[in-house]
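Asks: For reference, the sequence and a predicted model appear below.
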Amino acid sequence: MTDLHLQHEIEQLLYREAQALDQRRFDDWLEFFTKDARYTSPIVPVQNTPAPVSVDRGFGIFNDDKDFLDKRIKRLATDYAHAETPPSRTRHLLTNVQIEEVDDAALRARVNFIVFQSRLENTEAFFVGERADRLVRYGDHWRIAERQILFDHRTLPRVLSVLF
Amino acid sequence: MDARVDTDRYESLVNLADGLIGRDIYFSQAIYAEELSRVFAATWVCLGHESQIPTPHDFFGQYIGEDPVIVWRDTDHRLRVFFNSCPHRGMKICRQESGNAEAFICPYHGWTFDSRGRLVGVPHERLAFGPGFDRSSRGLLEAPRVDSYQGFIFASWNDAVPSLSDYLGPVCWYLDILATRQIGTLQVLPGQQRYRVQSNWKVAAENFAGDNYHTTHSHASAFILGLLPPNETLGDCSVAAPNGHGIAVQPIPGKRLALERVAARELGAVAVDYIETLHQKLRQELSELQAELFGLGVSTLFPHFSFNDFSALFPVQLFFWQPKGAQCMEVWQNLAFDSEAPAEIRDRVMMPFATRAQSVSGLFGQDDVENMEQVTEASRGLIARTRMPFDYTMGQGNEHPPEGAQGMPGRLGPFTTEMNQCNFYRYWLELMKAPGHHLEIS
């Protein structure tokens, strides 16, 4: 059974990270990731035996590294991030936090999410899915080394100008 | 309510002489309903690529207008396109997006259809229908015209549509470059992005047909971050073809090849060798001019299929702007690449960037969609419909192609012009005014 203290620690970390996104403190948000972090979201086709398509051999929804996440953040600071100007309002709701494969140096955290986006006057979308993170320990804190986002949508309700 | 629209009205809405197009053609539900019949049911519609269904019984699901279809390779390797709905009571018989099936069994009553569309199984046939039940008249409805050009699959509900190569006309010459510029063959990769956009399909299709003008401003963030080379290196001219097709961001011969060589040198010997091999192949199999041209720009094949081809070191991106009402579309998007490209190039260079650029989460995709949706938001009201047509005058009186573009087929124009958009709507108008081909609702 997962140590209660560890469960609490990871949950609080993920909530703080989500809050950084919702408060648009994107530089702070980047700090939650390791330098070599991967941030991916595979497509799952509609099939009788559904299986995610590897982003390394096909098209994905996200296929970022830390450098590109940094570019996404830098883009928002230009005057030309039209899709986020004026900024969207977002709310990240995280539930069902499960900690797995714990050892001294790393663990896996799985959460369900609903992300609500409200944009301009009347554009709204809910994005629903599951996130699987791998976190690694740096001294007394944890960093996200891998994040895989699995959307439950086959057809996404709109373009993704927000982060998950 | 009578949804028919007086054909004279299309003439006044699409006023190409003055470069003015009324916003109703994008956002009116009545015109949209006419368009499904007069455009989507009357002409060729691109559905995908043969590499998606290489072997017998492979299939994928698609749409022609709002009608679901199955694109299916039959037992004899022939491409067939069927209405994806049981002729008995209408259930969708194929609900997977792709796969391999010798037959589809309708989930409702169990009617079974083979890959030639024949009804081959009827549960309790004698008991239910008695003797003399005619299976042969109850097969799947098949699109009468199906053809492919350089692997791109097209279908039409219109028996009388001209041949596909006539329809594509000068575009064939350009598609030949794309198809030949592969060590193996152009192959659609696994994974199709799908997302909804609250705008009319034409707003996207016309952008990809010719809008070289938006890039520097709409995508300015990508230039600032160094994700795009300087705009003046991207392309030199626009190419318009009959039947509404347009190629935008088209470099003149020699220019693309020079840029490919620079990019390849940065990547190393494998990439340099790859580019030179492709160039030699183009010279041997096509013309010197095609080899020097080396690639296409951003293209729309009328009505709703677009692709871009920025580099041999980058996947070709395919876009289907699926109509879902006058003010809504779904974007279905694929990547395609050389089946025999060196793994080093295939794995490391292009795949991540394709997702990061013109894609549902990509930096270009986001900003394009913001434009499409807010154009729609601003165009629903009275003033938009009555007082403020869209302005397509750019390039009128200045339609000279740049130096060095001579010899390329199609009608050549400058880089920054709305020639291709007007060309798109010229054919759209022709179809909407010609009642000869369209399907009437009975």
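Replies: Arrived safely, thanks for sending. Numbers count the residues shown, from 1 in each chain, chains lettered A, B, ... in the order given.
Asks: near chain A, which residues of the stretch 151-300 of chain B show up?
Replies: Contact residues, the stretch 151-300 of chain B versus chain A (C-beta under 8 Å from any C-beta of the partner chain): B:189-198, B:217-222, B:224-225, B:227. (Each C-beta comes from the backbone N, C-alpha and C, glycine too.)
Asks: Strands - which of these land there?
Replies: B:193-197 (DSSP state E).
Asks: B:H109: which of those is nearest?
Replies: Distance to B:H109 across those (C-beta to C-beta) is lowest for B:R194, with 29.7 Å.
Asks: For the closest one, list each beta-bridge partner.
Replies: B:W332 (DSSP bridges).
Asks: shouldn't it be in contact with A:P157?
Replies: No - contact between B:R194 and A:P157 fails when scored by C-beta atoms under 8 Å: they sit 10.6 Å apart.
Asks: With neighbour numbers in mind, choose between the two.
Replies: B:R194 (20 against 16; other C-beta atoms under 10 Å in any protein chain shown).
Asks: Weed out the non-buried ones from the residues of the stretch 151-300 of chain B next to chain A.
Replies: B:189-198, B:218-222, B:224-225, B:227 (16 or more other C-beta atoms under 10 Å in any protein chain shown).
Asks: how close does the most far-flung residue of chain A relative to its centre sit to A:D79?
Replies: Going by C-alpha atoms, centre = their mean, the residue of chain A most distant from its centre is A:N48, 27.4 Å out. Distance of A:N48 to A:D79, given as C-beta to C-beta, to the nearest Å: 48 Å.
Asks: With B:Q250 instead?
Replies: 30 Å.
Asks: Tell me the spatial nearest neighbour of the residue farthest from the centre of chain A, not counting adjacent residues.
Replies: B:Q96 (6.1 Å; C-beta to C-beta, 6 or more residues apart in numbering or on different chains).
Asks: Let me know how buried that neighbour is, in neighbour terms.
Replies: 18.
Asks: quick one, what contacts it?
Replies: Contact partners of B:Q96, counting by C-beta atoms under 8 Å, 6 or more residues apart in numbering or on different chains, are A:45-48, B:61.
Asks: Would you point out the most distant pair within the residues you listed?
Replies: The largest separation in those, counting by C-beta to C-beta, is between A:N48 and B:G61 at 13.2 Å.
Asks: CA atoms only for the lengthiest strand in chain A - export them in CSV, please.
Replies: If you go by DSSP E, chain A has its longest strand at strand A:123-138. Taking C-alpha atoms only, strand A:123-138 is exported to CSV below (Å, rounded to 0.1, in the frame of the first residue of the first chain):
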residue,chain,number,x,y,z
THR,A,123,-16.3,29.7,-26.6
GLU,A,124,-16.2,26.8,-24.1
ALA,A,125,-14.8,23.3,-24.1
PHE,A,126,-14.3,20.4,-21.7
PHE,A,127,-11.4,18.1,-22.2
VAL,A,128,-11.6,14.8,-20.4
GLY,A,129,-9.0,12.1,-20.0
GLU,A,130,-6.2,10.4,-18.1
ARG,A,131,-2.7,11.4,-17.4
ALA,A,132,0.2,9.0,-16.7
ASP,A,133,3.3,10.7,-15.3
ARG,A,134,6.7,9.4,-14.3
LEU,A,135,8.2,11.4,-11.5
VAL,A,136,11.8,11.3,-10.5
ARG,A,137,13.2,12.4,-7.1
TYR,A,138,15.7,15.3,-6.9
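Asks: do the next helix or strand after that strand and chain B meet at all?
Replies: Remark: after strand A:123-138, the chain's next helix or strand is strand A:141-151, criterion DSSP states H and E. No - counting by C-beta under 8 Å from any C-beta, chain B is not contacted by strand A:141-151; separation bottoms out at 9.9 Å.
Asks: now for strand A:141-151, which elements pack on it?
Replies: helix A:4-22, strand A:33-42, strand A:60-65, strand A:123-138 (3 or more C-beta pairs under 8 Å, 6 or more residues apart in numbering or on different chains; DSSP states H and E).
Asks: what about 7 Å?
Replies: strand A:33-42, strand A:123-138 (3 or more C-beta pairs under 7 Å, 6 or more residues apart in numbering or on different chains; DSSP states H and E).
Asks: Return the set of buried residues in it.
Replies: Neighbour counts over strand A:141-151 (16+ other C-beta under 10 Å) mark A:142-151 as buried.
Asks: Could I get the pLDDT score of B:T233?
Replies: According to the prediction, B:T233 has pLDDT 81.
Asks: got the contact list for it?
Replies: B:L259 (C-beta atoms under 7 Å, 6 or more residues apart in numbering or on different chains).
Asks: Could you measure from it over to B:A263?
Replies: 11 Å.
Asks: for B:P230, same thing?
Replies: 14 Å.
Asks: which of the two has more neighbours?
Replies: Set B:P230 next to B:A263 and count neighbours by other C-beta under 10 Å: B:A263 wins out with 18 against 8.
Asks: For that one, identify the helix or strand it belongs to.
Replies: Assigned by DSSP H and E, B:A263 belongs to helix B:255-267.
Asks: list the helices and strands that helix packs on?
Replies: Counting by 3+ C-beta pairs under 7 Å, 6+ apart, helix B:255-267 packs on helix B:269-285.
Asks: Which residues does stretch A:35-55 contact?
Replies: For stretch A:35-55, using C-beta under 7 Å, 6+ apart, the contacting residues are A:59-66, A:69, A:144-151, A:154, B:96-99, B:190-193.
Asks: ok, 6 Å please
Replies: Stretch A:35-55 has contacts (C-beta atoms under 6 Å, 6 or more residues apart in numbering or on different chains) with A:60-66, A:69, A:144-149, A:154, B:96-97, B:190-191.
Asks: cool, and stretch B:325-341?
Replies: If you take C-beta under 6 Å, 6+ apart as the criterion, stretch B:325-341 is touched by A:59, A:155, B:27-29, B:32, B:182-189, B:192-198, B:201, B:315-316, B:318-324, B:354, B:376.
Asks: Filter those residues down to the buried ones, PyMOL style.
Replies: Buried members of these, defined by 16+ other C-beta under 10 Å, are picked up in PyMOL with:
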select buried, (chain A and resi 59) or (chain B and resi 27+28+32+182+185+186+187+188+189+192+193+194+195+196+197+198+201+315+316+318+319+320+321+322+323+324+354+376)
